[in-house]
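Colleague: Sequence below, structure please.
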Amino acid sequence: MSENWKCITSPTQSFAGLPVCTQLSDLEADIAIIGLHYVSPYAQRLPATITKNVVETAPDAIRRQSAIFIDHLDHYDFDFNDVLLPDRRVRIVDCGDLDKQLIGGGQNLENITAGIRTILSRGAIPIAMGNDEGGCIPLMRAYDVFNDLCVVHIDAHIDWRDERDGERDGYSSVMRRASEMPWVKAMVQVGLRGIGSARQQEVDAALEFGSVFIRAREVHREGIDACIKRIPTTDHYLITIDTDALDTAIAPGVLFRSPGGLTFDETTDLVQGVARKGSIVGINLFEIRPELDISNLTASTGAQLILNFIGTLTHSGQIGN
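Modeller: Residues are numbered from 1 along each chain as shown. Next up is the predicted model:
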């Protein structure tokens, strides 16, 4: 696919005051933060009691909550027992948002794929953020430059529906579509709990593919180190997070809340464990719904997760050396 991304929107305020680069073909960075906009078609048909009018996008809400950390990236971070960015040569930029239209459809999907592919071609690690996890499907299509990708899917649900209401590219089908991509050689799904769109046939299909299921209960009872040992070994990892994997106390702004989710520390320790196993080539944070949030808790958690991911990529030696 040629470089045909369009509709880059400059952020009203950048993430944590970082420099902005909306011309992806000129990108010079180690990490590129970018907002994605996509709505699974059936999400628009959910009852009004679940959804409300979108007054702010997830990327905008996360950026707004990150403002408290402006000029703090060289401060001490007790999560790392060191400053967050010990190497000041690390280049991190905010690339704004790809396609501001909150719709699905062909051009939107192509824009996301082409934009992420351009970031990867420039040698940067994308950290993407968005409202709807369906946006992860076109994002993963950009990773055909790798032939040994393991997708680490942190989610309450397995997202293995072949279609839902006739739609194949929605949030209920993310990992089914991933399994069809030849460059995705393995996947692990962490934080599973409760009831979702999956039926027995979806569970069977995922297990037949070789997906490793790690339930939230197993994380709580066995600890993160035991879970990390179950992650398939490869050279390249893509981490995608549906925020409903997290405990509702820190992430209430999601479509489908359920008790018993992962803690902040479990989530960040998991990402750090993946960084010890191989190269992280992307991190995605989806399913943040500002219209359903409470006191901006989910957006604030999202901002702090991204800061922690930046620290992990730096302290693990994956960038800055």
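Colleague: okay, Glu167: pLDDT?
Modeller: Turning to Glu167, the model gives it a pLDDT of 82.
Colleague: Repeat that for Ala216.
Modeller: 98.
Colleague: what about it, neighbour count?
Modeller: Using other Cβ atoms under 10 Å, Ala216 is surrounded by 23 other residues. Bear in mind the C-beta positions are built from the backbone N, C-alpha and C, glycine included.
Colleague: outside of stretch 210-229, which residues touch it?
Modeller: 156, 158, 160, 175, 179, 186-193, 206-207, 230-232, 245, 260-262, 266, 269-270, 273-274, 276-277 (Cβ atoms under 8 Å, 6 or more residues apart in numbering).
Colleague: Try it again at 7 Å.
Modeller: Outside stretch 210-229, the residues that touch it by Cβ atoms under 7 Å, 6 or more residues apart in numbering are 186-193, 230, 232, 260-262, 266, 269-270, 273.
Colleague: can you check stretch 187-194 too?
Modeller: 150-156, 158, 175, 178, 211-216, 219, 227, 230-232, 245, 258, 260-262, 270.
Colleague: Mind giving me the ChimeraX select for those residues, buried ones only?
Modeller: In ChimeraX syntax, the buried subset of the contacts of stretch 187-194 is picked out as below (16 or more other Cβ atoms under 10 Å):
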select :150,151,152,153,154,155,156,158,175,178,211,212,214,215,216,219,227,231,232,245,258,261,262,270
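Colleague: For stretch 74-92, buried residues please.
Modeller: Residues of stretch 74-92 classed as buried by neighbour count (16+ other Cβ under 10 Å): 77, 79-80, 83-85, 90-92.
Colleague: Could you do stretch 62-74 as well?
Modeller: For stretch 62-74, by 16+ other Cβ under 10 Å, it's 62-66, 69, 72-73.
Colleague: Next, count neighbours for the closest residue to Phe69 other than its chain neighbours.
Modeller: By the measure of Cβ to Cβ, 6 or more residues apart in numbering, the closest residue to Phe69 outside its immediate chain neighbours is Ala16, 4.6 Å from it. The tally of other residues near Ala16 (other Cβ under 10 Å) stands at 22.
Colleague: do Gly196 as well
Modeller: Using other Cβ under 10 Å: Gly196 sits among 19 other residues.
Colleague: How about it: what's its closest non-neighbour residue?
Modeller: Gly196 sits nearest to His157 (Cβ to Cβ, 6+ apart), 3.4 Å away.
Colleague: hang on, Ile8 packs against Thr22?
Modeller: Yes - counting by Cβ atoms under 7 Å, Thr22 is a contact partner of Ile8 at 4.4 Å.
Colleague: any residues in contact with both of those two?
Modeller: Gly96.
Colleague: that older thread, which helix or strand contains the residue nearest to Gly196?
Modeller: Using DSSP states H and E, His157 falls within no helix or strand.
Colleague: pLDDT score for Leu102?
Modeller: 49.
Colleague: what does the strand or helix carrying His153 rub up against?
Modeller: Assigned by DSSP H and E, His153 belongs to strand 149-154. Under the criterion Cβ under 7 Å, 6+ apart, residues 143, 175, 178, 183-191, 231-232, 234, 236-242, 245, 267, 270, 274 lie in contact with strand 149-154.
Colleague: now, which of those residues lie within helices?
Modeller: 175, 178, 267, 270, 274 (DSSP state H).
Colleague: Could you measure from the fourth one over to Asp144?
Modeller: Relative to Asp144, Leu270 is positioned 26 Å away (Cβ to Cβ, to the nearest Å).
Colleague: Between the buried residues of stretch 74-92, which sits nearest Gln318?
Modeller: Nearest to Gln318 out of the buried residues of stretch 74-92 is Val90 (Cβ to Cβ; 10.4 Å).
Colleague: Which residue ranges of the stretch 51-200 of the chain form helices?
Modeller: 58-66, 106-121, 136-141, 174-179, 200-209 (DSSP state H, counting those that start in this stretch).
Colleague: What is the longest one packed up against?
Modeller: Helix 106-121 is packed against strand 31-36, strand 92-98, strand 125-130, helix 136-141, with contacts defined by 3 or more Cβ pairs under 7 Å, 6 or more residues apart in numbering; DSSP states H and E.
Colleague: ok so, going back, restricted to strands, list the contacts of stretch 210-229.
Modeller: 186-192 (DSSP state E).
Colleague: Buried only: go through these for me.
Modeller: Members of those classed as buried by 16+ other Cβ under 10 Å are 186-192.
Colleague: List the contacts of the residue positioned nearest the centre of the chain.
Modeller: Per Cα atoms, centre = their mean, the C-alpha nearest to the average position across the chain is that of Asn284, at 1.7 Å. If you count contacts by Cβ under 7 Å, 6+ apart, Asn284 has them with 128, 136, 139, 239-241.
Colleague: ok, now which ones touch Ile31?
Modeller: Counting by Cβ under 7 Å, 6+ apart, Ile31 touches 92, 124-125, 127, 310, 313, 319.
Colleague: For Glu218, see how far away the residue nearest to His315 when sequence neighbours are not counted is.
Modeller: Excluding the flanking residues, the one nearest His315 by Cβ to Cβ, 6+ apart is Phe80, at 5.3 Å. If you measure Phe80 against Glu218 using Cβ to Cβ, the figure is 26 Å.
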